[in-house]
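Novice: 3D model of this:
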Amino acid sequence: MESIVPTVLAQSWDNVGLLAGDRQGPVDRVLTCIDLTPAVVEEALGEKIDVILAYHPPIFKPVSSLCADGTGTEAVVFQCIRNGIAIYAVHTALDTADGGTNDVIASLCGIDDTEPLEYVDDPTVEVCKFVVFVPPNAIKKVSNAMFTAGAGHIGDYSRCSYRTSGQGTFFGGEATQPIIGEPGRMEYVDEIRLETVVPLKSLPAVVTAMVQAHPYEEPAFDVYPLKPPPLRGIGRIGRLPRPVHLASLARKLKRATDAAHVQIVGPPDRTIDRAVIVVGAAGSLPFRTSLTLNDVIITGEIRHHDALTIQRRGCSAIALGHWTSERPVLAPLTQRLQGALPGVTVQISQSDENPFNSL
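Specialist: This next block holds a predicted model:
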């Protein structure tokens, strides 16, 4: 799952990954669903499921107890643990991941090329640029010491550095013992600027190795923080293949998602050509981008006051239903996981249902 839906992509407030279970336990059968309900657990027991992969985390806020007679999701979590069924949740990590919930809805609209609503920093990348000034006759000794301590790794390459020649100056005080020149006199020396990348966790060891290998009494060095390339964030924006009426796109999505009913904000005959997609509950996310008359927000549910904001912005919206907007991702997710786990059976829950019924 980390290769398909990296947990680092989840929103900071979310709770994703393995929520219950033994990481070393055997896995023969996996069940995917949107919501972990009592009916889904009963299905999992009947199918002898080892892991339930749920979109919504059944453990979201801290819980003080896990009891079989609980009235919340802690009861189904207890039942899974008691029967040796692990629970894995994806939620906003899947909303952000390539091929995730928002991309699936985009594909149902016929959109091939999308951009996220936001870009986020990758917290797993923690590196810095380390620069030190070394006399030419010591450059090999100093660089080798730094490389051995963990510097200079870029992908599959090691011992990476950049070196430029220049001139350094110093004026040593009376108590100094410079190896070049004399105390109390301005000195000009040829030096090489040696720069390389260092993981933050290796920085203390690299500094120590550099100081021990460097011939100077007081080596001059700098540490610069580096910002990694941003990751694609949550939500999607994309151009429709051709301009269509709002009602036409709403009907198309209703058929594609098997929605019981679809709500729209805006005139049915308004022409739209760009979609802003946020599955589930959009909240304020779509408002982070400039919205025009030809834009449509596609989501699961819209709060009344957000609908009024959409009207004031002069754009449109389609609400498919919270569960309905998320459910289409299960088929491609199940297929991808099945391909990654040969010999393991991965199936979609048939008991996972929309909690809302239509009359």
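Novice: And the strands in the stretch 1-150 of the chain, which stretches?
Specialist: Taking DSSP state E, counting those that start in this stretch as the criterion, the stretch 1-150 of the chain carries its strands at 17-20, 29-33, 51-54, 86-89, 114-115, 119-120, 127-134.
Novice: Mean neighbour count, the ones you listed: which tops it?
Specialist: Mean neighbour count, computed with mean count of other Cβ atoms under 10 Å, is highest for strand 51-54 among these, reaching a mean of 26. C-beta here means a position set from N, CA and C on the backbone, and glycine is covered the same way.
Novice: CA atoms of it as PDB?
Specialist: Provided in PDB are the C-alpha atoms of strand 51-54 (Å, rounded to 0.1, in the frame of the first residue of the first chain):
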ATOM      1  CA  VAL A  51      -7.200  -7.500   6.200                       C
ATOM      2  CA  ILE A  52     -10.000  -5.000   5.700                       C
ATOM      3  CA  LEU A  53      -8.800  -2.000   3.600                       C
ATOM      4  CA  ALA A  54     -11.200   0.800   4.500                       C
END
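Novice: strand partners of it, parallel vs antiparallel please.
Specialist: strand 29-33 (parallel), strand 86-89 (parallel) (DSSP bridges).
Novice: What lies in contact with the last one?
Specialist: By Cβ atoms under 8 Å, 6 or more residues apart in numbering, the surrounding residues in contact with strand 86-89 are 1, 15-22, 25, 27, 36, 50-59, 77, 80.
Novice: what domains does the record give for this structure?
Specialist: 7-90+329-348, 101-120+233-325, 127-225 (automatic domain parsing).
Novice: quick revisit: to residue 298, which of the strands of the stretch 1-150 of the chain lies closest?
Specialist: strand 114-115 (11.9 Å; Cβ to Cβ).
Novice: helices or strands next to the closest one in the packing?
Specialist: Helices and strands touching strand 114-115, by 3 or more Cβ pairs under 8 Å, 6 or more residues apart in numbering; DSSP states H and E, are helix 101-108, strand 236-245.
Novice: Using JSON lines, lay out those together with distance to residue 347, mean pLDDT and mean neighbour count.
Specialist: Converted to JSON lines, these look like this (distance: least, Cβ to Cβ, whole Å; pLDDT from 0 to 100; neighbours: other Cβ atoms under 10 Å):
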{"stretch": "helix 101-108", "distance to residue 347": "18", "mean pLDDT": "97", "mean neighbour count": "24"}
{"stretch": "strand 236-245", "distance to residue 347": "27", "mean pLDDT": "97", "mean neighbour count": "16"}
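Novice: got JSON lines for these, with distance to residue 269 too?
Specialist: JSON lines is the format used below for the helices and strands packed on strand 114-115 (distance: least, Cβ to Cβ, whole Å):
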{"stretch": "helix 101-108", "distance to residue 269": "22"}
{"stretch": "strand 236-245", "distance to residue 269": "5"}
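Novice: Please give me every residue in contact with residue 120.
Specialist: 9, 96, 230-231, 233.
Novice: Now do the SS call for residue 308.
Specialist: helix (DSSP: H, G, I helix; E, B strand; the rest coil).
Novice: From residue 315, how far off is it?
Specialist: 12 Å (Cβ to Cβ, to the nearest Å).
Novice: Quick one: closest of the strands of the stretch 1-150 of the chain to residue 275.
Specialist: Taking the strands of the stretch 1-150 of the chain one by one with Cβ to Cβ, strand 114-115 is closest: 8.8 Å.
Novice: Can you list the strands that that closest one pairs with?
Specialist: Counting by DSSP bridges, strand 114-115 is paired with strand 236-245 (antiparallel).
Novice: where do the helices sit along the chain?
Specialist: Assigned by DSSP state H, the helices in the chain fall at 38-46, 74-82, 91-96, 101-108, 139-148, 203-213, 246-257, 304-313, 322-326, 330-340.
Novice: what sits up against the third one?
Specialist: Contact partners of helix 91-96, identified using Cβ under 8 Å, 6+ apart, comprise 5-11, 14-16, 55-57, 100-102, 116, 120, 231-235, 278-280, 329, 333.
Novice: Many thanks, have a good one.
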